[in-house]
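Build me a model from this:
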Amino acid sequence: MARARIDSSAVVASATQLVDAEGLEALTLTRLAEELGVRPPSLYAHIGGLDDLRRRLGARGASELATTLSHAIEGRSGTDALRALATAYRDYAREHPGTYAAMQRARDLAGNDDARAAGDAVVRVVLAALRSYRLEGDEAIHAVRLIRIALHGFVTLEAAGGFAMDLSADETFERLLALLDVGSRQPHALESTPTRGKSARRDRDRGD
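Numbering: from 1, shown residues only. Below you'll find the predicted structure:
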């Protein structure tokens, strides 16, 4: 086996190409060593094992995503910024499926300073995209969470072939964006629903 000169950056870059081509579960140190032209024990001079490599992949992915989203919303605001953000998120997940999967492993990323910093950067970009919606405090964080839930759910189902019906997924995506837009503009729209439910139960309890 021909030996190659490698460093930690080269190891992570090669792992990124492997997981994006074949999926995160395809990543093993043996397979990666074959790709790099080295013996598996040589990798330990550059990474702390498979778990450490997955953490590095997740941190790299989050950093790339933050940069991608930041470029997408530059000079935009309101609905235009939200649409650009969501489209860039979807495109990144499509183009880097293995790296995107590594980003979602919260347990693997726990305690990794680079991953935490990159995750915070993504949140800041989403908050910037929502600036013109004038959300503050907890409302802004709820909005960030809802956007993440919606977009992650969509791209995960799309990647898994979960949209089997003969109906445009692009149209569904557009409708999802419309819902997020309206929800971000009217964050309190559903707050009265639980109250109505409680009132109805109290009326039943009183026999009204």
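
Not counting sequence-adjacent ones, nearest residue to the most centrally placed residue in the chain?
Closest to where the C-alpha atoms of the chain average out (Cα atoms, centre = their mean) is His152, at 5.9 Å. Using Cβ to Cβ, 6 or more residues apart in numbering and skipping residues adjacent in sequence, the residue nearest His152 is Gln104, 7.4 Å away. Where you see a C-beta, it was placed from the backbone N, CA and C, and this is true even at glycine.

how many other residues sit next to the one you found?
Counted with other Cβ atoms under 10 Å, the neighbours of Gln104 add up to 13.

Could you pull up phi and psi at it?
Taking degrees, to the nearest 10, you get phi -90, psi -10 for the backbone angles of Gln104.

Val19 against Leu27, yeah?
Yes. Contact criterion Cβ atoms under 8 Å: Val19 and Leu27 qualify, at 5.2 Å.

what do the two both touch?
57, 98 (Cβ atoms under 8 Å, 6 or more residues apart in numbering).

So which of these two has more stuff around it?
Taking other Cβ under 10 Å, Val19 and Leu27 do not tie; Val19 has more neighbours (25 against 19).

can you pull the contacts of that one?
26-27, 57, 97-99, 101-102.

quick one: it from Leu85, how far?
Counting by Cβ to Cβ, to the nearest Å, the separation of Val19 from Leu85 is 24 Å.

One more: Leu157?
19 Å.

Just the buried positions in stretch 85-92, please.
85-86, 88-90, 92 (16 or more other Cβ atoms under 10 Å).

for this structure, what spans make up the helices?
8-22, 29-36, 50-73, 78-95, 97-103, 106-109, 113-129, 137-159, 169-185, 192-206 (DSSP state H).

low-confidence ranges in this structure?
For the chain, applying pLDDT under 70 flags the ranges 1-4, 106-110, 188-208.

rerun that using 80 as the cut-off
For the chain, residues meeting the criterion pLDDT under 80 lie at 1-5, 105-112, 187-208.

picking up where we left off before, which among the contacts of Val19 gets closest to Ala81?
Ala81 has its nearest neighbour among the contacts of Val19 in Thr99, at 24.1 Å by Cβ to Cβ.

ok, the closest residue to that closest one other than its chain neighbours - contacts?
Using Cβ to Cβ, 6+ apart and skipping residues adjacent in sequence, the residue nearest Thr99 is Gly61, 3.9 Å away. Going by Cβ under 8 Å, 6+ apart, Gly61 touches 96, 99-100, 102-103, 118.

One more: Ala88?
68-69, 71-73.

in stretch 48-56, what's buried?
The neighbour-count check on stretch 48-56 (16+ other Cβ under 10 Å) flags 53-56 as buried.

Report how many residues lie close to the nearest residue to Val122 once chain neighbours are set aside.
Of all residues not flanking Val122 in the chain, Ala66 sits nearest, at 4.6 Å (Cβ to Cβ, 6+ apart). When neighbours are counted by other Cβ under 10 Å, Ala66 registers 20.

again, but for Ser77
14.

what's it sitting at in phi/psi?
Backbone torsions of Ser77, given as degrees, to the nearest 10, read phi -150, psi 170.

which residue packs closest to it, ignoring adjacent ones?
Ser132 (4.4 Å).

quick one: that neighbour from Ala13, how far?
In this view, Ser132 and Ala13 are 37 Å apart by Cβ to Cβ.
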